[in-house]
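S.K.: Structure of the sequence below:
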Amino acid sequence: MSAVLQDLMIRLDDLSDPRIEAFMQEHLVDMRAVSPPESVHALDMDQLRQPNIAFWSAWLTGADGDMLVGTGALKRLDAGHAELKSMRTSTRHRGQGIARQLLNHLLQEARARGFARVSLETGTQPFFEPARQLYLQKGFVECGPFADYCLDPYSFFMTRTL
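M.R.: Sure thing, here's the model as predicted:
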């Protein structure tokens with residue numbers, strides 16, 4: 001494991017830190033840049049603050065303080081099914097294993113919270129290829145739309161049992 005990952009701290013977050021709002025705003029900008037408006041399913045801060053959503057942030061600790069490098073959330077769909085939301089790694093830190101650690105953490109949390117299945121929606125565009133590959137490596141398989149989603153050429157749906 002690299003030194004970068006040894007210093008990664010993942011914490012359940014209350015979304016009060018203004019750095020998270022800025023980070024999530026970048027996420028929305030990216031999603032809107034690569035997907036048509038009707039195909040952007042990223043959540044804004046008000047949507048993330050709903051009681052059926054648990055949000056985690058990933059921080060690198062260092063001499064200069066903590067740096068936000070990743071986020072992820074679980075949205076409760078029903079007693080046995082959660083949706084993975086708001087998965088993001090900072091542009092500067094992509095390719096260093098942060099998303100993998102965050103995803104592992106979220107899957108453990110989903111199990112601990114009693115969910116039997118986790119599903120997600122990601123994009124079909126090349127921008128999303130690294131995410132799709134990570135999800136496939138972690139046991140997710142392609143599925144049809146779930147919850148309130150509809151078929152969309154820009155959406156790729158995946159699920160896995162826990």
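
S.K.: for this protein, what's the longest helix?
M.R.: helix 18-34 (DSSP state H).

S.K.: Give me the residues contacting it.
M.R.: Helix 18-34 is contacted by residues 13, 15, 40-42, 44-45, 48, 57, 68, 71, 86, 88, 90, 123, 125, 127-128 when judged by CB atoms under 8 Å, 6 or more residues apart in numbering. Every C-beta, even on glycine, is put in place using the N, C-alpha and C of the backbone.

S.K.: Show only the entries of those residues found in strands.
M.R.: Asp13, Ser57, Leu68, Thr71, Ser86, Arg88, Gly123 (DSSP state E).

S.K.: what's the closest of those to Thr161?
M.R.: Ser86 (21.9 Å; CB to CB).

S.K.: picking that back up, dump the ones in strands among the contacts of helix 18-34 into TSV; add pLDDT as well.
M.R.: As requested, the ones in strands among the contacts of helix 18-34 are arranged in TSV below (pLDDT from 0 to 100):
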residue	pLDDT
Asp13	96
Ser57	97
Leu68	94
Thr71	96
Ser86	94
Arg88	93
Gly123	93
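
S.K.: quick revisit: pLDDT (mean, whole number) over the longest helix of the chain?
M.R.: The average pLDDT within helix 18-34 is 86.

S.K.: so where is the protein shaky, pLDDT-wise?
M.R.: 1-6, 63-64 (pLDDT under 70).

S.K.: ok, now which ones touch the residue positioned nearest the centre of it?
M.R.: Most central in the chain under CA atoms, centre = their mean is Met87, positioned 1.8 Å from the mean C-alpha point. Neighbouring residues of Met87 by CB under 8 Å, 6+ apart: Gly70, Thr71, Gly72, Ala99, Leu102, Leu103, Leu120, Ala131.
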